[in-house]
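Trainee: Model the following, please.
(one chain, ligands or ions: 1)
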Amino acid sequence: MAIVEIKKNIFWVGTIDWNIENFHGYSLARRGTTYNAFLVMDEKITLFDAVPEKFKWDLYHQIFKLIKPEQLDYIVVNHVEMDHSGALPFIVDKCKPEKIFCSTMGEKSLASHFHRKDWPVQVVKDGESIALGKKNVQFLEARMLHWPDTMFSYIPEDKLLISSDAFGQNIASSKLFDDEHDLELLLSEARHYYTNIILPFSGFVQKTLNRVKESGMQIDMIAPDHGVIWRSHVGDIVSAYEEFAAQKVKEKAVLVFDTMWHSSEKMLKALGDAMMEQGIDIRFMSLKKFHHSDVMGEFSDAAALICASPTHNNGMLPLMADFLTYMKGLKPKGRIGATLGSFGWSGEAPKAMAQVMEDSGFDMPLSPLRVKNVPTHDHLSECRKMGIELAGKIKERVSSQSG
Ligand code: FEO
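Mentor: Next up, the predicted model:
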């Protein structure tokens, strides 16, 4: 990997994880990711963030293309999750930095992750600045974006915001900057990332964006800890975050299913066909094919989620239980839901799915629909009727948010 000078005397020294498949339940198999770390060369040479433990030697070699280990003065830990701190013990032992800066919650998190009482940790408060020499660093608490410890680091002399996970995308690439990629693809990946990592904390995102605006910080580069660095489209990614956090939805529905002998699939397909005829943009996604995080990526701007599963051992199929557990944790707001499915003799699945969706705050305007064994033409007509009614509800929802 090449080191890259992103601003004068500020270098990207991160690593690229081309082949990662799964990040605690979030599939990264499509594009991999990067762990961005930055080295500021000033009177106090400072490393911002680290990489996972398994890449500790890569980080070491990156940093020490520029300096000798004993020259590293400071480390800033914007966030303690192990993809940004796993290599810390190794780097700290090799370099023996004078100080390690983190937030109040970061101190607690470092202690409970690494149990190293000998580290020279110094807590920085929200708004506090430190001098590195010619450059200064101002810290901004960004609690729950997406952990309690998260903070941003702002270097005013360079108009640079190092933003931890916020504004990230999971893209492994040798091209480090936004203007070296297709913007639509980047914003789509940023949305996918937001939905799977940051969505539950959308209220905190809105507050943090407002605080950044009110602070008068001038920003012409945002360097997140994953993916590309924003230098030509800073306004686009900030506007996109405002939109993601507002959870505005479109006339779109995600129809997700698992099926044993295709009856539930046929029912959902009939419902989806009717929705399409009403002008709703649908995604018809089998959980055997699509990972739950990719379904959520599609659901991010959809007004409705329709779930179909047959009854299996008095409940829903395991892939649907997995999906709904994941979806519930991400706490999408203001959505419409519905469930349906076939059954052999007991028929609990549609109600069980509906219960999870109700508990997740979905508006469930229609009763769950069940069909014994194989649907007839009349049964499929019932599914179509359900699709038409849901299409009407989706249109109402979208027009109420724009009105
Ligand atoms: Fe990229 Fe929350 O770690």
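Trainee: what sits against Leu88?
Mentor: Leu88 is in contact with 50, 75, 77, 110, 114, counting by C-beta atoms under 8 Å, 6 or more residues apart in numbering. For every residue, glycine as well, the C-beta is placed using N, CA and C.
Trainee: wait, Glu5 sits on Leu39?
Mentor: No - judged on C-beta atoms under 8 Å, Glu5 makes no contact with Leu39 at a distance of 10.0 Å.
Trainee: shared neighbours of the two, anything?
Mentor: Phe11.
Trainee: ok, back up a step: which pair in the contacts of Leu88 spans the largest distance?
Mentor: Maximum pairwise distance among the contacts of Leu88 (C-beta to C-beta): 12.5 Å, between Ile75 and Phe114.
Trainee: Can you tell me which of the contacts of Leu88 end up in strands?
Mentor: Per DSSP state E, strands hold the following members of the contacts of Leu88: Ile75.
Trainee: which among the contacts of Leu88 gets closest to Lys96?
Mentor: Nearest to Lys96 out of the contacts of Leu88 is Ile75 (C-beta to C-beta; 10.7 Å).
Trainee: Tell me the spacing between the closest one and Val124.
Mentor: Look at Ile75 and Val124: by C-beta to C-beta, to the nearest Å, they are 12 Å apart.
Trainee: so what's in contact with these two at the same time?
Mentor: Contacts common to Ile75 and Val124, judged by C-beta under 8 Å, 6+ apart, are Phe101.
Trainee: Which one's more surrounded, those two?
Mentor: Legend: neighbour count by other C-beta atoms under 10 Å for Ile75 and Val124, higher for Ile75 (25 against 22).
Trainee: Contact partners for that one?
Mentor: By C-beta under 8 Å, 6+ apart, the neighbours of Ile75 are 46-48, 50, 88, 91-92, 97, 99-101.
Trainee: near the ligand, which residues of the stretch 301-403 of the chain show up?
Mentor: Contact residues (C-beta under 6 Å from any ligand atom) of the stretch 301-403 of the chain with the ligand: there are none.
Trainee: Number of residues surrounding Ser346?
Mentor: 11.
Trainee: Look up the pLDDT of it for me, please.
Mentor: pLDDT recorded at Ser346 is 96.
Trainee: do Gln401 as well
Mentor: On pLDDT, Gln401 comes in at 89.
Trainee: part of a strand, is it?
Mentor: No - assessed with DSSP: H, G, I helix; E, B strand; the rest coil, Gln401 is helix; it does not lie in a strand.
Trainee: That one: what's its closest spatial neighbour, skipping adjacent residues?
Mentor: Lys248 (5.9 Å; C-beta to C-beta, 6 or more residues apart in numbering).
Trainee: Helix or strand: which one has the one you found?
Mentor: According to DSSP states H and E, Lys248 maps onto no helix or strand at all.
Trainee: what's the spacing between it and Ile282?
Mentor: Relative to Ile282, and taking C-beta to C-beta, Lys248 is found at 18 Å.
Trainee: Which one of the two is surrounded by more residues?
Mentor: Between Lys248 and Ile282, counted using other C-beta under 10 Å, Ile282 has the larger neighbour count: 24 against 14.
Trainee: Does the more buried one touch Lys269 like I think?
Mentor: No - if you go by C-beta under 8 Å, Ile282 and Lys269 don't touch, sitting 10.0 Å apart.
Trainee: quick one: low-confidence parts of the stretch 251-400 of the chain?
Mentor: In the prediction, the stretch 251-400 of the chain carries no residues with pLDDT under 70.
Trainee: which residues of it fall in helices?
Mentor: Here the stretch 251-400 of the chain has its helices, by DSSP state H, counting those that start in this stretch, at 263-277, 292-299, 318-330, 349-359, 377-402.
Trainee: Save those as a markdown table, and put in mean neighbour count too.
Mentor: Below are these laid out as a markdown table (neighbours: other C-beta atoms under 10 Å):
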| stretch | mean neighbour count |
| --- | --- |
| helix 263-277 | 22 |
| helix 292-299 | 22 |
| helix 318-330 | 19 |
| helix 349-359 | 20 |
| helix 377-402 | 16 |
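Trainee: Dump those helices into JSON lines; add distance to Val13 as well.
Mentor: Conversion of the helices of the stretch 251-400 of the chain to JSON lines gives the following (distance: least, C-beta to C-beta, whole Å):
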{"stretch": "helix 263-277", "distance to Val13": "48"}
{"stretch": "helix 292-299", "distance to Val13": "28"}
{"stretch": "helix 318-330", "distance to Val13": "32"}
{"stretch": "helix 349-359", "distance to Val13": "44"}
{"stretch": "helix 377-402", "distance to Val13": "43"}
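Trainee: For Arg143, find the nearest of these.
Mentor: Nearest of those to Arg143, taken as C-beta to C-beta: helix 318-330 at 18.5 Å.
Trainee: near the ligand, which residues of this structure show up?
Mentor: 79, 81, 83-84, 146-147, 165, 225-226.
Trainee: That concludes my questions; thank you for your assistance.
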